[in-house]
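Predicted model follows, preceded by the sequence.
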Amino acid sequence: MALENSTHLGSINVSTEAIASLAGGIVSECYGVVGMASQKMLKDGLFELLKMENFSKGVVVRDGENGMVLDLYLVITYGVKITQVVSEVQKKVKYSLEKSLDVEIEAINVFVQGVRVMD
């Protein structure tokens, strides 16, 4: 499922991976987020913290009934209020993607994969 749009100048196609990378970049700038985590937990409940070039592995983009649905897999900083951080992530990602891609976001599901103490 890629985003497709046609104008009088031609067509515009945005891949699912590009949308996922954009969402991952937005998430990584949010307060209280250590980074994106792989959607697949490793053995013993451990997670892999993703680097910038792999943000798309921590985001799943799919079609919903009324727009796009995103699943975000995050690692949160220890000591922050998780519900508040997750709420701000959802608001920021929804606003940024709707403004930059001109697409409706139906839901943003956040899965906290771990908590990490920052040095």
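Perfect, I can see it now. All figures in this text were calculated on a predicted structure; none of them were measured in a lab. Numbers count the residues shown, from 1 in each chain.

drop to CA atoms for contacts and neighbour counts, all remaining ones
Noted.

how about the strands of the chain, start to end?
3-7, 10-14, 33-36, 59-63, 68-77, 105-116 (DSSP state E).

Just the buried positions in stretch 105-114, please.
Buried positions in stretch 105-114, judged by neighbour count with 16 or more other C-alpha atoms under 10 Å: Ile105, Ile108, Val110, Val112, Gln113, Gly114.

tell me which residues in the longest helix along the chain are buried?
Secondary structure of the chain per DSSP state H: the longest helix is helix 82-101. Buried positions in helix 82-101, judged by neighbour count with 16+ other C-alpha under 10 Å: Ile82, Val85, Val86, Glu88, Val89, Gln90, Lys92, Val93, Lys94, Leu97.

Farthest-apart pair in those, please.
Ile82 and Leu97 (22.3 Å; C-alpha to C-alpha).

Take the strands of the chain and lay them out in JSON lines including distance to Val27 and mean pLDDT.
Output for the strands of the chain, formatted as JSON lines (distance: least, C-alpha to C-alpha, whole Å; pLDDT from 0 to 100):
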{"stretch": "strand 3-7", "distance to Val27": "20", "mean pLDDT": "82"}
{"stretch": "strand 10-14", "distance to Val27": "19", "mean pLDDT": "89"}
{"stretch": "strand 33-36", "distance to Val27": "7", "mean pLDDT": "86"}
{"stretch": "strand 59-63", "distance to Val27": "10", "mean pLDDT": "90"}
{"stretch": "strand 68-77", "distance to Val27": "8", "mean pLDDT": "92"}
{"stretch": "strand 105-116", "distance to Val27": "11", "mean pLDDT": "91"}
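
which one of those lies closest to Ser21?
Distance to Ser21, taken as C-alpha to C-alpha, is lowest for strand 59-63 among the strands of the chain, at 7.8 Å.

any residues touching that closest one, and which ones?
1, 16, 19-21, 23-24, 39, 68-73 (C-alpha atoms under 8 Å, 6 or more residues apart in numbering).

Scan those residues and report the most crowded one.
Leu72 (30 neighbours; other C-alpha atoms under 10 Å).

and that one, bridged to which residues?
When bridges are called by DSSP bridges, Leu72 pairs up with Val59, Val110.
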